[in-house]
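Sequence first, predicted model second:
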Amino acid sequence: MKPSIVLYKKLPADLRQRLDQHFNVIEFNGMNSTTRPQILDALQQAEGLIGSNGKVDKELLDHAPRLRGVSTISVGFDNFDVEELTRRGIPLMHTPTVLTDTVADTMMTLVLATARRAVESAERVKAGEWNGSIGADWFGVDVHHKTMGILGMGRIGLALAKRAHLGFDMPILYTARRQHAEAENSFNARRCDLDTLLAESDFLCISLPHTDETFHMISREQLAKMKSSAILVNAGRGPVVDEEALIEALQTGVIHAAGLDVFEQEPLPKDSPLLKLPNVVALPHIGSATHETRYGMAACAVDNLIAALTGNVKEFCVNPEVLKK
Ligand SMILES: NC(=O)c1ccc[n+]([C@@H]2O[C@H](COP(=O)([O-])OP(=O)(O)OC[C@H]3O[C@@H](n4cnc5c(N)ncnc54)[C@H](O)[C@@H]3O)[C@@H](O)[C@H]2O)c1
Ligand SMILES: O=C(O)[C@H](O)CO
């Protein structure tokens, strides 16, 4: 008999078929307050779990006595209790690499859109405000040759450094726990401490995961150290930036603008002050959201689950120590 798995994300038909070839698939339309109790029930029998955007915590794992493998359709895994999964010997698989270039493109989009006020200007055109030669009240600021500071010099940070340095002649600064030779040798990036990064960056670009250590790493005190002309771009995770402090900084001119793909609460609440600020470009967490990349992520996650449940894991395991047991 094929092992049962729980799927909580709609997949392209061919990938769903691939899962069906290996498993008895119990499918749910997302993990939310309605489906979660049903998912917990189904997990009594399930040996695998695959999806994205659900909380996989101790409560869920307590309902899954037979679970042997978990696969997330994302690179980020802050919604998983990795310690608890590891304690139970369950591998957590994720999808790095396949989305790196697409997310770096999204970050560059936010850099350009905020600096050149592209969204704001387009909205003014649609509102019929373009009635003659434009004046300085429509002008933006240059991107090329400005300093980009990268917080989170991992796969995405490196791909962003490549775009900024080779495409836009931008000097690159980064703050990291270790030196990144490729960033330094290929893109002339310079490592510095956080205070220097804050003081010298024209664009502070965040591609950090959400961990205990990165929670509110950028708050009131850090924002105050930035240039008043600086632009903050965050496509890592919302909680890395203290959103209340950011809103205040944007309202009072402590910094110039922000381009945000991620937020402390998602979807962004409809009454968020961010939505009223003309110097904010807010995107609905579309970092990896192209047809090609989302397909690639789903395919990688399907392969990852098959590998985990057949004992063939070679890469993309968040907690590889469980494989040695
Ligand atoms: N907006 C989106 O749609 C989207 C898409 C993909 C990934 N992401 C986010 O981007 C993150 C990064 O993805 P990646 O593939 O580049 O991962 P990665 O692991 O390659 O890079 C993360 C980098 O952050 C560094 N880091 C972690 N904690 C740090 C700290 N306290 N101080 C300094 N540096 C620290 C790590 O050392 C690593 O170099 C993901 O974890 C996810 O949260 C968002
Ligand atoms: O972590 C990721 O892969 C992105 O945020 C998409 O969910």
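Thanks, I have the structure now. Ligands and ions are numbered 1, 2, ... in the order given.

Quickly check: stretch 275-293 near ligand 1 or not.
Yes - remark: stretch 275-293 sits within contact range of ligand 1 at 285, 287-288, by Cβ under 6 Å from any ligand atom. The C-beta positions use only the backbone N, C-alpha and C, and glycine is treated the same way.

same deal with stretch 144-161?
Yes - taking Cβ under 6 Å from any ligand atom as the criterion, stretch 144-161 and ligand 1 are in contact, through 152-157.

Please see if that stretch touches ligand 2.
No - contact between stretch 144-161 and ligand 2 is absent, the nearest approach being 9.6 Å (criterion: Cβ under 6 Å from any ligand atom).

quick one: is stretch 256-274 near ligand 1?
Yes - Stretch 256-274 comes into contact with ligand 1 when judged by Cβ under 6 Å from any ligand atom, the residues involved being 261-262.

Report the distance from that stretch to the chain centre.
Relative to its parent chain, stretch 256-274 has a centroid offset of 14 Å by Cα atoms, centre = their mean, to the nearest Å.

Going forward, count from 853.
With 853 as the first residue, the last one maps to stretch 1108-1126.

Please save the CA atoms from that stretch in PDB.
In PDB, the C-alpha atoms belonging to stretch 1108-1126 read as follows (Å, rounded to 0.1, in the frame of the first residue of the first chain):
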ATOM      1  CA  HIS A1108      13.200  58.800   2.500                       C
ATOM      2  CA  ALA A1109      11.200  55.800   1.300                       C
ATOM      3  CA  ALA A1110      10.600  52.000   1.600                       C
ATOM      4  CA  GLY A1111      10.000  49.100  -0.800                       C
ATOM      5  CA  LEU A1112       8.400  46.200   1.000                       C
ATOM      6  CA  ASP A1113       7.500  42.700  -0.100                       C
ATOM      7  CA  VAL A1114       7.000  41.300   3.400                       C
ATOM      8  CA  PHE A1115       5.200  42.600   6.600                       C
ATOM      9  CA  GLU A1116       4.800  41.800  10.200                       C
ATOM     10  CA  GLN A1117       1.300  40.700   9.500                       C
ATOM     11  CA  GLU A1118       0.400  39.200   6.100                       C
ATOM     12  CA  PRO A1119      -1.900  40.000   4.300                       C
ATOM     13  CA  LEU A1120      -1.100  43.600   5.300                       C
ATOM     14  CA  PRO A1121      -4.100  44.800   7.300                       C
ATOM     15  CA  LYS A1122      -6.300  47.200   5.300                       C
ATOM     16  CA  ASP A1123      -5.900  49.900   7.900                       C
ATOM     17  CA  SER A1124      -2.100  49.800   7.900                       C
ATOM     18  CA  PRO A1125      -0.700  53.400   7.800                       C
ATOM     19  CA  LEU A1126       1.800  52.000   5.200                       C
END
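
any idea of the mean pLDDT in that stretch?
The average of the pLDDT scores along stretch 1108-1126 is 98.

Residues in contact with that stretch: which ones?
Contacts of stretch 1108-1126 from elsewhere in the structure, counted by Cβ atoms under 8 Å, 6 or more residues apart in numbering, are 958-959, 961-963, 965-967, 993, 1079-1091, 1093, 1095, 1098-1099, 1102-1103, 1127, 1131-1139.

So which of these sit within helices?
The helices, defined by DSSP state H, take in 958-959, 961-963, 965-967, 1095, 1098-1099, 1102-1103 from the contacts of stretch 1108-1126.

Of these, just say which sits nearest to L1060.
Within these, the smallest distance to L1060 is 12.2 Å, found for M959 (Cβ to Cβ).

wait, what's in contact with the residue of the stretch 953-1102 of the chain found nearest ligand 1?
For the stretch 953-1102 of the chain, the residue closest to ligand 1 is G1006, as judged by Cβ to the nearest ligand atom, at 1.7 Å. For G1006, the residues meeting the contact criterion (Cβ under 8 Å, 6+ apart) are S1059.

what separates it from A1035, distance-wise?
Summarising the geometry, the distance separating G1006 from A1035, computed by Cβ to Cβ, to the nearest Å, is 10 Å.

go on, G1163?
Using Cβ to Cβ, one obtains 36 Å as the distance from G1163 to A1035.
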